[in-house]
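Colleague: Here is the input, now give the coordinates:
(chains A and B)
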Amino acid sequence: MEDTLKIEDIIKPENLVYKKTSVLTDVPMHYCYGCSHGVVHKLVAEVIEEMGIQEDTVGVSPVGCAVLAYNYLDIDWMQAAHGRAPAVATGYKRVNPEKYVFTYQGDGDLAAIGTAETMHAVNRGENIVIIFINNAIYGMTGGQMAPTTMLGQQTATSPYGRDIDLNGYPLKITELLAQLPGAAYVTRQSVHTPGNVRKCKKAIRKAFENSAKNIGTSFVEVVSTCNSGWKQTPVEANEWMEENMFPFYPLGDLKDGEREKPDAYLVQKLKK
Amino acid sequence: MGDIRLMKGNEVIAEAAIRCGCDGYYGYPITPQSEIMETLMLRRPWEETGMVVLQAESEVASANMLFGGASAGKKVMTSSSSPGISLMAEGISYIAGAELPALFVNVQRGGPGLGTIQPSQADYFQATKGGGHGDYKLIVLAPSSVQEMNDFVDLGFELAFKYRNPAMILTDGVIGQMMEKVELSEFKPRLTNQQVEETQGNWAATGKKKNRERHILTSLELQSEKQELHNQKLQAKYKQMEEEDVRFELINCDDAEYILVAFGVSARISQKAVEILREKGIKAGLLRPITLYPFPTKQIQKLIPQAKGFLSVEMNAGQMIEDIKLAVNGKLPVEHFGRMGGIIATPAEIVEAVESKLIGG
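Modeller: Have a look, this model is predicted:
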């Protein structure tokens, strides 16, 4: 047949259905196959592009697997000491309130060594975005126990499984943060199915939009896989996460609004 | 004449910060320097100049807040006292590694540990040798008067931005708590965002523009060869500091045979000791290092031909004496006199030390 479609006829702007966002660089990511980081990076980059805020956004990378996030998103970056990203973001945002500032942190960074910085930044209602990757393990250092490691979960430093007497309980830091009056938006998402990816992107978008409204801190947890650390295939890791983590870390919004009004906290009229 | 007041050293640090166009102060209370943040909060500079003042949850956080503010190319500072500076050591190391300008004030108290809230100079090593991990240096300024508490805030920022390196005002509980006459600096306006972009836009994280590469403020380099190049660049910067920014004061040194070397409050007391020694017919002089790093090594060496000995007077067990000995390199006796635990030496004790350790010794 003479009217067979030629490749040149297919590759046309009007036929474009998907394109890599220009906010993502062309640097190949160092993350393991099956890791959730790449997807979350892409979502943050897409939100930045769609909101047109590339020139006004500054990221804070953590210590952990995502320390090199600055190689992948084409924005200005600060690289924080372990756990201190919310303090670094606070320091920046306070002297540049017109900028969008986000931190991108793992569970060890945010919920162990950086617990104080996280709690106090959220309690002050800093107008920043915190992206929290919870994969229940320390990935970068080789799979040690994290504050969010599940009971019974085997890691390099809990080789016989996390034990209550020895290690205490997995920390539901997101539930704790949702109690803080400075929080505007606290949500828990995942990126293991196309549907969840879309929901997660909406959550990240809302978080960034919130930070321009000065209504308090927006916090997006992404329950994630670390198949290398968990010593599973990517498919097994997704299944393990659904079976074991989702019941303990249920997906959905924990708070959606804005920071608390001061009325309930006033013991005396504020002096001007 | 400018604005002349009778003020406490700590209060002057706060006032000088506002007047020199500081953009942000992030602090945590600790004795004997709490008046700095208290004064700032009372003054409410955010209404006057737009300067931000924030009480952090810890010294760990406040130092890392400086990392954030400094990354924006803004003039940011904090203050603390010895135990708090130990907690800031992490942030200081990262700030030095990422080559950011920031100002730290240490109103020293005695240690180790919780030690005492009384004055001390026992953080000389910590300040001048780095304090945190890795090969780095702070620019260290040692005021010996309330006037210099005023002057060194602006100077500290100037040097911090000149070298894109953290600077520290290393003072002590005496100078911090002492009231003296001070001529306050003229007001300098804070830089606008446009001015920050013009002056610091070639490195600061001011938001990536289409016409430039992204700015990444990091202290991480995983390739050994590149990390060594970075280390060499830092060392070259420290060398430049040693060549261009050594500051010191010489008192009665023209014909001096016995040279006292002292900084901060110890220099004030040593100056009185020199007077007493001169009255006794002993040719004593005082070299006061103003920059503890870079240290006035060459100036000490210039005094060697005329001198018979050096006495390091410090409120510690003997720290600066090591830098004096490195300068003197065994050519003359170098002795130390110091009180610890928060005890302030008297001029008489210093005179006695010169007589027993240098002249009689």
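Colleague: what's in contact with stretch B:45-58?
Modeller: Stretch B:45-58 has contacts (C-beta atoms under 8 Å, 6 or more residues apart in numbering or on different chains) with A:87, A:90, A:94-95, A:116-117, A:119-120, B:17-18, B:21-29, B:37, B:40-41, B:62, B:65, B:69, B:87, B:187, B:189-190. From N, CA and C alone the C-beta is placed, and that goes for glycine too.
Colleague: Any idea how far that stretch is from the middle of the chain?
Modeller: How far stretch B:45-58 lies from its chain's middle: 22 Å, per C-alpha atoms, centre = their mean, to the nearest Å.
Colleague: That stretch - what's its average pLDDT?
Modeller: What stretch B:45-58 shows for mean pLDDT is 98.
Colleague: send the alpha carbons of that stretch over as CSV?
Modeller: Provided in CSV are the C-alpha atoms of stretch B:45-58 (Å, rounded to 0.1, in the frame of the first residue of the first chain):
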residue,chain,number,x,y,z
PRO,B,45,15.6,45.2,63.0
TRP,B,46,13.1,43.4,60.6
GLU,B,47,11.0,46.6,60.9
GLU,B,48,14.0,48.9,60.4
THR,B,49,16.3,47.3,57.9
GLY,B,50,14.5,44.0,57.0
MET,B,51,17.2,42.0,58.9
VAL,B,52,15.9,38.6,60.0
VAL,B,53,16.4,37.4,63.6
LEU,B,54,15.5,33.8,64.4
GLN,B,55,15.9,31.8,67.5
ALA,B,56,16.9,28.3,66.4
GLU,B,57,16.2,25.0,68.2
SER,B,58,19.9,24.4,68.7
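Colleague: if we can go back for a sec, put the buried members of the contacts of stretch B:45-58 into a ChimeraX selection.
Modeller: In ChimeraX, a selection of the buried entries from the contacts of stretch B:45-58 looks like this (16 or more other C-beta atoms under 10 Å in any protein chain shown):
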select /A:87,90,94,95,116,117,119,120 /B:17,18,21,22,23,24,25,26,27,28,37,40,62,65,69,87,190
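Colleague: For the residue lying farthest from the centre of chain B, which non-adjacent residue is spatially closest?
Modeller: Most distant from the centre of chain B: residue B:210, at 39.3 Å, with distances by C-alpha atoms, centre = their mean. In space, and not counting its chain neighbours, residue B:210 is closest to residue A:55: 7.5 Å by C-beta to C-beta, 6 or more residues apart in numbering or on different chains.
Colleague: what's the pLDDT at that neighbour?
Modeller: Residue A:55 is given a pLDDT of 97.
Colleague: ok, so what distance separates whichever residue of the stretch 51-200 of chain A sits closest to chain B from residue A:116?
Modeller: Checking the stretch 51-200 of chain A residue by residue against chain B with C-beta to the nearest C-beta singles out residue A:91 as nearest, at 2.8 Å. The gap separating residue A:91 from residue A:116 is 15 Å, by C-beta to C-beta, to the nearest Å.
Colleague: ranges for the helices of the stretch 151-272 of chain A?
Modeller: In the stretch 151-272 of chain A, the helices defined using DSSP state H, counting those that start in this stretch lie at A:164-167, A:173-178, A:194-213, A:227-230, A:234-240.
Colleague: of these, which approaches residue A:77 most closely?
Modeller: Closest approach to residue A:77 among the helices of the stretch 151-272 of chain A is made by helix A:194-213 (16.1 Å; C-beta to C-beta).
Colleague: Would you mind putting the CA coordinates of the closest one into CSV?
Modeller: The C-alpha coordinates for helix A:194-213 follow below in CSV (Å, rounded to 0.1, in the frame of the first residue of the first chain):
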residue,chain,number,x,y,z
PRO,A,194,0.9,4.6,37.4
GLY,A,195,-2.1,5.6,39.4
ASN,A,196,0.0,6.3,42.5
VAL,A,197,2.5,8.2,40.5
ARG,A,198,-0.2,10.5,39.3
LYS,A,199,-1.6,11.0,42.8
CYS,A,200,1.9,11.6,44.2
LYS,A,201,2.5,14.3,41.5
LYS,A,202,-0.7,16.1,42.5
ALA,A,203,0.5,16.0,46.1
ILE,A,204,3.9,17.5,45.2
ARG,A,205,2.2,20.2,43.1
LYS,A,206,-0.1,21.1,46.0
ALA,A,207,3.0,21.3,48.4
PHE,A,208,4.8,23.7,46.1
GLU,A,209,1.7,25.8,45.6
ASN,A,210,1.2,26.0,49.3
SER,A,211,4.7,27.3,49.9
ALA,A,212,3.8,30.4,47.8
LYS,A,213,0.7,31.0,49.9
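Colleague: Which other helices and strands does that helix contact?
Modeller: helix A:37-51, strand A:100-106, strand A:129-134, strand A:183-190, strand A:217-223 (3 or more C-beta pairs under 8 Å, 6 or more residues apart in numbering or on different chains; DSSP states H and E).
Colleague: Mind doing that once more with 10 Å?
Modeller: With contacts taken as 3 or more C-beta pairs under 10 Å, 6 or more residues apart in numbering or on different chains; DSSP states H and E, helix A:194-213 sits against helix A:37-51, strand A:100-106, strand A:129-134, strand A:183-190, strand A:217-223, strand A:252-256.
Colleague: Show me what residue B:334 bridges to in the sheet.
Modeller: residue B:310 (DSSP bridges).
Colleague: So which other helices or strands are in contact with the helix of greatest length in chain B?
Modeller: In chain B, assigned by DSSP state H, the helix with the most residues is helix B:224-244. Judged by 3+ C-beta pairs under 10 Å, 6+ apart, the packing partners of helix B:224-244 are helix B:82-97, helix B:146-163, strand B:291-293, helix B:297-303.
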